[in-house]
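Enquirer: only the shape, not the letters, is given here:
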């Protein structure tokens with residue numbers, strides 16, 4: 001078998017000695033060339049059911065999102081890619097340094113590269129950064145330097161343990177991410193872009209002077225709030241996607257007429273607070289109105305009411321109050337029973353914050369509202385003229 005030509009990739013690096021003589025290296029490398037010396041160890045089982053490898057399959061959608069970002073105007077990727085090398089990689093310290101020092105030692109990391117070698121015999125393995133390096137590989141950019149942290153692993157077991165430790169770190173709470181979204185205008189993955197508008201509306205509602213939801217939405221920076229931010233986000237996402245707020249949305253930018261949206265939202269929830277004052281001011285454990293199941297379902301009623309008003313902009317708190325009162329007698333926010341049907345009575349606090357329960361309560365409120373309006377119209381037609 002003809003041997004492949006060997007070259008050496010020589011990169012300026014910083015060596016840091018940790019623990020019992022374990023060396024860690026930090027250096028920069030062109031992300032387009034990472035896969036020339038670092039392979040991906042796919043997780044699988046051998047015929048004998050023995051676990052080998054540790055990396056999951058490529059997440060195509062996630063890779064496409066990163067690729068789109070890398071091809072944007074000013075991409076930034078500060079997080080380090082982590083690579084485990086075998087003993088073929090060596091470090092050459094600069095002359096005049098104390099090579100036994102635990103402090104950082106400057107030098108050159110020498111990585112052997114055999115052109116055309118299969119992954120199985122490359123000197124490095126990716127421990128963290130698989131999706132990013134795949135995006136770099138596919139991105140339409142000539143080069144993109146990235147920060148790399150590396151160590152020499154004794155075997156695959158050590159590689160796998162580092163992989164688990166890196167990926168077991170607790171991620172940022174979603175609530176904090178959502179609260180940060182309104183104050184960033186950077187290129188973001190599509191799922192986060194979709195949440196940026198509702199996250200902005202949550203922020204505005206939570207700090208709107210004299211607004212019905214002022215200080216009521218619980219977020220990492222407003223921990224005293226009683227209504228979970230996720231419940232409000234869910235209500236807003238539904239309304240923006242196919243409810244009454246959709247008409248104010250700009251599909252090209254993902255933004256829209258936020259002033260008009262906030263006018264409708266503040267008017268509607270002011271009406272809800274006035275119609276149900278007791279339930280509005282209790283915590284979720286004592287009121288299903290401010291619980292996720294109630295809040296999202298009342299959002300569906302808002303969409304229905306505005307649709308009936310043909311989207312008119314004169315939807316004031318007074319107008320909304322008259323419409324919300326239509327369903328008031330059928331609601332059991334703090335006590336009693338929900339009468340969903342002849343054989344379907346539920347205690348007020350039996351409803352849970354699940355998709356099925358939210359849909360059930362939403363349908364009930366909308367059907368009750370429609371039936372009451374139909375009866376009112378029937379009575380109006382039958383009422384003799386004065």
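Expert: That came through, no problem. This structure is a prediction, so every number in the text was calculated from the model and none was measured.
Enquirer: and the residue nearest to residue 152 when sequence neighbours are not counted, how many neighbours?
Expert: In space, not counting the residues next to it along the chain, residue 152 is nearest to residue 85; the distance is 5.0 Å by CB to CB, 6 or more residues apart in numbering. Placement of C-beta: from N, CA and C, glycine included. Counted with other CB atoms under 10 Å, the neighbours of residue 85 add up to 21.
Enquirer: isn't residue 85 right up against residue 151?
Expert: Yes. In terms of CB atoms under 8 Å, residue 85 counts as a neighbour of residue 151; the distance is 7.1 Å.
Enquirer: can you pull the residues that touch both of the two?
Expert: Common contacts of residue 85 and residue 151 (CB atoms under 8 Å, 6 or more residues apart in numbering): none found.
Enquirer: now do the contacts for the residue nearest to residue 152.
Expert: 111, 123-125, 150-153.
Enquirer: so what's the backbone phi/psi at it?
Expert: phi -100, psi 160 (degrees, to the nearest 10).
Enquirer: per-residue confidence at residue 257?
Expert: At residue 257, the pLDDT value in this model is 92.
Enquirer: quick check: nearest residue in space to it, chain neighbours excluded?
Expert: residue 248 (4.2 Å).
Enquirer: with residue 260 as the reference, measure out to the one you found.
Expert: In this view, residue 248 and residue 260 are 5 Å apart by CB to CB, to the nearest Å.
Enquirer: so what's the backbone phi/psi at residue 105?
Expert: The phi/psi pair for residue 105 (degrees, to the nearest 10) is phi -110, psi 130.
Enquirer: verify the contact between it and residue 92 for me.
Expert: No. The criterion here is CB under 8 Å, and residue 105 misses it with residue 92 at 10.4 Å.
Enquirer: the bottom helix or strand of the chain by mean pLDDT?
Expert: strand 44-45 (a mean of 40; mean pLDDT, DSSP states H and E).
Enquirer: circling back to that earlier point, show me which of the contacts of residue 85 is closest to residue 294.
Expert: residue 125 (51.0 Å; CB to CB).
Enquirer: using the three-state scheme, assign that closest one.
Expert: strand (DSSP: H, G, I helix; E, B strand; the rest coil).
Enquirer: residue 84 now?
Expert: Relying on three-state DSSP, one would call residue 84 strand.
Enquirer: how much space separates residue 38 from residue 111?
Expert: Residue 38 is 9 Å from residue 111, by CB to CB.
Enquirer: between those two, what contacts are shared?
Expert: residue 124.
Enquirer: burial count for residue 227?
Expert: 23.
Enquirer: surely residue 23 meets residue 17?
Expert: Yes. In this structure, residue 23 is within contact of residue 17 by CB under 8 Å, at 5.6 Å.
Enquirer: quick one, strands of the stretch 251-386 of the chain?
Expert: 255-256, 337-341, 344-347 (DSSP state E, counting those that start in this stretch).
Enquirer: contacts for the first one?
Expert: The reference is to strand 255-256. 197, 240, 245, 248-250.
Enquirer: next one: the second one
Expert: The set of residues external to strand 337-341 that reach it, using CB under 8 Å, 6+ apart, is 330, 332, 345-348, 350-351, 360-361, 364.
Enquirer: in ChimeraX, select just the buried ones from those.
Expert: Selection of buried members from the contacts of strand 337-341 for ChimeraX, criterion 16 or more other CB atoms under 10 Å:
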select :330,332,346,348,351,360,361,364
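Enquirer: how about low-confidence regions in the protein?
Expert: 1-6, 41-58, 102, 115-120, 155-172, 184-189, 310-314, 378-386 (pLDDT under 70).
Enquirer: using the record's assignment, carve it into domains.
Expert: 6-167, 174-382 (automatic domain parsing).
Enquirer: ok, residue 333 - contacts?
Expert: Contacts of residue 333 (CB under 8 Å, 6+ apart): 276, 278-279, 287-289, 294, 348.
Enquirer: adding distance to residue 267, write the residues you listed out as CSV.
Expert: As requested, those are exported to CSV (distance: CB to CB, whole Å):
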residue, distance to residue 267
276, 16
278, 21
279, 19
287, 21
288, 23
289, 17
294, 19
348, 27
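Enquirer: and which of those is nearest to residue 74?
Expert: Closest to residue 74, out of all of these and judged by CB to CB, is residue 294, at 43.8 Å.
Enquirer: what about residue 106, neighbour count?
Expert: So residue 106, with other CB under 10 Å, has 11 neighbours.
Enquirer: the nearest residue to residue 8 once chain neighbours are set aside in helix, strand or coil?
Expert: Once flanking residues are discounted, residue 8 sits nearest to residue 110: 5.4 Å by CB to CB, 6+ apart. Following three-state DSSP, we place residue 110 in the strand state.
Enquirer: residue contacts, residue 110?
Expert: Per CB under 8 Å, 6+ apart, neighbours of residue 110: 8-10, 89-92.
Enquirer: in strands, which of these fall?
Expert: Using DSSP state E, 8-10, 90-92 are the members of the contacts of residue 110 that sit in strands.
Enquirer: mind putting the residues you listed in CSV, distance to residue 181 included?
Expert: Below are the ones in strands among the contacts of residue 110 laid out as CSV (distance: CB to CB, whole Å):
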residue, distance to residue 181
8, 45
9, 39
10, 42
90, 45
91, 42
92, 46
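Enquirer: looking at those, which is nearest residue 265?
Expert: residue 9 (56.8 Å).
Enquirer: show me where the protein has helices.
Expert: 60-70, 130-138, 156-167, 174-180, 190-206, 229-242, 258-275, 277-281, 292-308, 317-328, 355-382 (DSSP state H).
Enquirer: quick one: closest of these to residue 101.
Expert: Going by CB to CB, the one of the helices of the chain nearest residue 101 is helix 156-167, 24.0 Å.
Enquirer: touching stretch 349-356 from outside, list them.
Expert: For stretch 349-356, using CB under 8 Å, 6+ apart, the contacting residues are 231, 288, 291-294, 338, 357, 360-361.
Enquirer: quick check: buried residues in that stretch?
Expert: 351, 353.
Enquirer: how far does it sit from the chain's center?
Expert: 23 Å (CA atoms, centre = their mean, to the nearest Å).
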